[in-house]
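[1] please find the sequence and the predicted model below.
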Amino acid sequence: MAKNVIVISGPAGVGKSTLAMMISKKYKTKFYTGSEFFKEIARGLGYNPVGKDWWDTKEGLRFLRERGGNPEIDREVDKIMIRKVNEGNAVVTSWTLPYLGVDGVKIFITASPEERARRISRRDRIPFGKAMKIIKERDGENEELYKKIYGFDIGKDLKAFDFVLNTDRMSAKEVMNAVVEFIETKKIRE
């Protein structure tokens, strides 16, 4: 595994952060999430990004739209993330790093919109219908944003990834076990 770096990507509500924290703990690495770097920038722009569910709030969605009008926000976060990855010994969550050619093991986890909405509904204690609406809005905004900024189709073009896993009907522990098995197999082959 290059520089002991694992990049985990996937759509909103799929469990990227949960998986990344578990993997980071297992391998005793640093853990970074693109979301936290975006929140730092949002604070500097006058937003109040508090809580795990902030991205699903009206303010979080408004910031997502603002990013669409200012691609420098995303480019700055990607520069920060690339610096962190280049230091090595890290697990990161990022929508873009796998497409930008960073070195390391690149994992894409996915689940149906319904399953992701169920997870968000449980996590944020909101009705399923509201969570489903959030999923659809965030998916659309993110797809449009990354197509506009970088020209790639987030979640559709998966050639950048070493391992793709559909996590429907899987617990967080089962997802982690599948990813660890892949990582261990990959290390043996290298």
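    That came in fine, so what should we check first?

[2] endpoint to endpoint, stretch 27-34 covers what distance?
    Criterion C-alpha to C-alpha, to the nearest Å; first-to-last residue distance in stretch 27-34 is 20 Å.

[3] same check, this time on stretch 90-98
    14 Å.

[4] quick one: average confidence on it?
    Across stretch 90-98, pLDDT averages out at 93.

[5] ok, residue 173 - contacts?
    residue 22 (C-beta atoms under 8 Å, 6 or more residues apart in numbering). Just so you know, the C-beta spots here come from the backbone N, C-alpha and C atoms, and that holds for glycine as well.

[6] part of a helix, is it?
    Yes. The assignment for residue 173, made by DSSP: H, G, I helix; E, B strand; the rest coil, places it in a helix.

[7] confidence score at it?
    Residue 173 is given a pLDDT of 96.

[8] element containing the residue lying closest to residue 92 once chain neighbours are set aside, please.
    Nearest non-adjacent residue to residue 92, counting by C-beta to C-beta, 6 or more residues apart in numbering: residue 32, 4.5 Å away. Using DSSP states H and E, residue 32 falls within strand 30-33.

[9] helices or strands next to that strand in the packing?
    helix 16-27, helix 72-87, strand 90-93 (3 or more C-beta pairs under 8 Å, 6 or more residues apart in numbering; DSSP states H and E).

[10] in the longest one, what's buried?
    This points to helix 72-87. By 16 or more other C-beta atoms under 10 Å, the buried positions in helix 72-87 come out as 73-74, 77-78, 80-82, 84-85.

[11] list the contacts of it.
    By C-beta under 8 Å, 6+ apart, helix 72-87 touches 3, 5, 7, 30, 32, 34, 37-38, 41, 66-67, 90, 92, 94, 96-97, 100, 102-104, 145-146, 149.

[12] kindly export it (C-alpha atoms) in PDB.
    Provided in PDB are the C-alpha atoms of helix 72-87 (Å, rounded to 0.1, in the frame of the first residue of the first chain):
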ATOM      1  CA  GLU A  72     -11.800  27.700  -5.600                       C
ATOM      2  CA  ILE A  73     -13.300  26.400  -2.400                       C
ATOM      3  CA  ASP A  74     -13.100  22.800  -3.600                       C
ATOM      4  CA  ARG A  75      -9.700  23.300  -5.100                       C
ATOM      5  CA  GLU A  76      -8.400  24.600  -1.800                       C
ATOM      6  CA  VAL A  77      -9.800  21.700   0.100                       C
ATOM      7  CA  ASP A  78      -8.300  19.300  -2.400                       C
ATOM      8  CA  LYS A  79      -4.900  20.900  -2.100                       C
ATOM      9  CA  ILE A  80      -5.100  20.500   1.700                       C
ATOM     10  CA  MET A  81      -6.200  16.900   1.400                       C
ATOM     11  CA  ILE A  82      -3.400  16.100  -1.100                       C
ATOM     12  CA  ARG A  83      -0.800  17.500   1.300                       C
ATOM     13  CA  LYS A  84      -2.200  15.300   4.100                       C
ATOM     14  CA  VAL A  85      -2.200  12.300   1.900                       C
ATOM     15  CA  ASN A  86       1.400  13.000   0.800                       C
ATOM     16  CA  GLU A  87       2.500  12.900   4.400                       C
END
